[in-house]
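>>> Fold the following for me, if possible:
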Amino acid sequence: MKKILFGLLVGASFISQSCINDNEDPVAVFPVEGAIVSPFVGGATEPNQVWFDLSEGKEILTKRTDWDLALYSGSAFKVVLNSSIMMAAGKIPSATDIDLVTDASVATLKNQVQVANFNPSNEVYIDDVNGNFPSGYTAIEEIKANDSENAVYLVNMGKEIYTGTVPVGSVSTGGDSRGWMKVQIIRSSDGYKVKYAELTSNTHKEINITKNTAYNYNFVSLKNNKEVFIQPEKKKWDLCFTVFTNIITGAGSYIYADFVTHNNVGGVGAYEVVVTSGSGVEAYNNFKSSDIDQSKFIYNDHRIIGANWRNPVGTNGLEVYGDRFYVIKDSDGYYFKVRFTRLTKSDTGERGNPQFEYKPL
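Numbering: from 1, shown residues only. Okay, the predicted model is just below:
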């Protein structure tokens, strides 16, 4: 259980790593009244996913391309695609043997399993954008107990992180294509067996995954042929700063920069407070625990903050909305208020340099 004791100082350094070891209990120190945080998203190509724990003031970094599949560690057998790199998946009709699938046999399906091409019919190839797992829709159907009922999927591996120059004030959420794979997943006694291969291969590789219930998911990198540690333990993060594949009603999937999700699978709730009169900063400062409205917490949609905190085409250029803030309830039942204070780097105007302020309630 994480403690409500805080060891934060404004401008404090945070722990950053790609492989996580969260087995040690935090050291209890004297609490302070929240902090101003500049999560290390990494600039205009936004290469990092930042997992932040409000009660411990701890930031964990992973590169967006570090993982491909997230395998749910709870009782259900669900598989989630990496939306931060525009991945998609479609069932290959009549395919039962992964080794018999060829590049030519999926040529037509390739044109459909796409992201952010403004085709609403392609929404079926991405996961439920609400993030309401394990009950929500996933492009890869729930893994069945009977091996023969689990389909072979064509997987669009999404985009690499862009490596070129990005104009000041702009972002680039994706670079070169990461290619395609064929994937078939079955259950094992205590987890999953992932079968996968390049489309040109007539043999496949396998990764066996044992569910680790301390985490929301076990993560797999198909590109690197291994299990990887991405998210902190399920009770040790609250907010994630990431690029995100969302839905625009009537236009299909779209990729968003500057996106913030909350850990709803781990039991974190959130709601937005919009100030209709007076100063937003004053309303945030005056907001106290007795003002919390329990009926407003959302647990079945992790996009409550989303991209709603910023306006990338504001009348005065890039801006953070000053008329709103957010209330967070973590998995241990502690409450926080969160206000965003910056979208770009203050001295250069470079995107991918957000900043927020938060305080316990």
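>>> hey, let's count contacts and neighbours off CA atoms from now on
Noted.
>>> What average pLDDT does the longest helix belonging to the chain get?
When the chain is parsed with DSSP state H, its longest helix is helix 280-286. Helix 280-286 carries an average pLDDT of 95.
>>> For Ile248, see how far away His262 is.
20 Å (C-alpha to C-alpha, to the nearest Å).
>>> what about the nearest residue to Thr276 once chain neighbours are set aside, neighbour count?
Among residues not flanking Thr276 along the chain, Asp323 sits closest, at 7.3 Å (C-alpha to C-alpha, 6 or more residues apart in numbering). By other C-alpha atoms under 10 Å, the residues close to Asp323 number 19.
>>> Now Asp323. Its backbone dihedrals?
phi -100, psi 20 (degrees, to the nearest 10).
>>> any idea how far Val275 is from it?
On the measure of C-alpha to C-alpha, Asp323 and Val275 end up 5 Å apart.
>>> returning to what we had before: partners of whichever helix or strand comes after the longest helix of the chain, with directions?
Downstream of helix 280-286, the next assigned helix or strand under DSSP states H and E is strand 310-311. Take DSSP bridges as the rule and strand 310-311 pairs in its sheet with strand 319-320 (antiparallel).
>>> what comes into contact with the strand it pairs with?
Trp309, Arg310, Asn311, Pro312, Val313, Phe340, Thr341, Arg342, Leu343 (C-alpha atoms under 8 Å, 6 or more residues apart in numbering).
>>> Give the rounded mean pLDDT of it.
In the prediction, strand 319-320 has an average pLDDT of 90.
>>> Give me the distance from the longest helix of the chain to the chain's centre.
29 Å (C-alpha atoms, centre = their mean, to the nearest Å).
>>> same for that helix, what does it pack against?
Helix 280-286 is packed against strand 324-329, with contacts defined by 3 or more C-alpha pairs under 8 Å, 6 or more residues apart in numbering; DSSP states H and E.
>>> Restrict the strand it packs on to CA atoms and write it as PDB.
Listed in PDB are the C-alpha atoms of strand 324-329, where the atom choice follows Å, rounded to 0.1, in the frame of the first residue of the first chain:
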ATOM      1  CA  ARG A 324     -10.700  24.000 -15.300                       C
ATOM      2  CA  PHE A 325      -9.000  21.600 -13.000                       C
ATOM      3  CA  TYR A 326      -9.400  17.900 -12.100                       C
ATOM      4  CA  VAL A 327     -10.200  15.900  -9.000                       C
ATOM      5  CA  ILE A 328      -8.500  12.500  -8.600                       C
ATOM      6  CA  LYS A 329      -9.300   9.700  -6.200                       C
END
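>>> quick one, the helix or strand following that strand and strand 324-329 angle?
For strand 324-329, the following helix or strand on the C-terminal side (DSSP H and E) is strand 335-342. If you take axes from the mean of the first three to the mean of the last three C-alpha atoms, to 10 degrees, strand 335-342 sits at 150 degrees to strand 324-329.
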